[in-house]
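In: Prediction below, plus the sequence it came from.
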Amino acid sequence: MKYYLWMKQKDKGCDYTIECGEILVPLESTDLFKIMDEVIDKFKYYGVLSPDNRLSDCKILIDQEGLPVTSWYESYVYNELNECRNKDNEKKLEKLNKLAEELGVEIVKK
């Protein structure tokens, strides 16, 4: 399992602590009992233990296998390409019909 530390700062805006309000930090530890030491180290590193830089929320997130989006991505790209091809075919058909009209010929579809 992979663990992450999600932190949200109390005040709005961007500063030198956790950038612009929220940050997701990957944790190296895979042992839940050792993670708290690493979390404290991250708090110190990002400077969120001082009274001036407080967090409004903080969570340890667990990623067991992740959420695969590859198949969704491939499907999306396929649909986008087909839509582009269809639009391209429509343009070509319009040009062909216009040319046929100018030449006074009829297009016969099989």
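Out: Received the coordinates, thanks. In this text, all values refer to a predicted model and were calculated from it rather than measured experimentally.
In: which other residues reach stretch 98-110?
Out: The contact list for stretch 98-110 (CB atoms under 8 Å, 6 or more residues apart in numbering) reads Leu96, Asn97. From N, CA and C alone the C-beta is placed, and that goes for glycine too.
In: Could you do stretch 29-41 as well?
Out: Met1, Lys2, Tyr3, Leu5, Leu27, Glu28, Ile60.
In: Going by neighbour count, list what's buried in that stretch.
Out: The neighbour-count check on stretch 29-41 (16 or more other CB atoms under 10 Å) flags Ile35, Glu38, Val39 as buried.
In: sorry, back to before: taking the contacts of stretch 29-41 one by one, which sit in helices?
Out: Among these, DSSP state H puts none in helices.
In: would you list those in JSON lines and tack on distance to Asn53 and pLDDT?
Out: Listed next are the contacts of stretch 29-41 as JSON lines, based on distance: CB to CB, whole Å; pLDDT from 0 to 100:
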{"residue": "Met1", "distance to Asn53": "29", "pLDDT": "78"}
{"residue": "Lys2", "distance to Asn53": "27", "pLDDT": "84"}
{"residue": "Tyr3", "distance to Asn53": "23", "pLDDT": "88"}
{"residue": "Leu5", "distance to Asn53": "15", "pLDDT": "89"}
{"residue": "Leu27", "distance to Asn53": "20", "pLDDT": "92"}
{"residue": "Glu28", "distance to Asn53": "23", "pLDDT": "92"}
{"residue": "Ile60", "distance to Asn53": "20", "pLDDT": "89"}
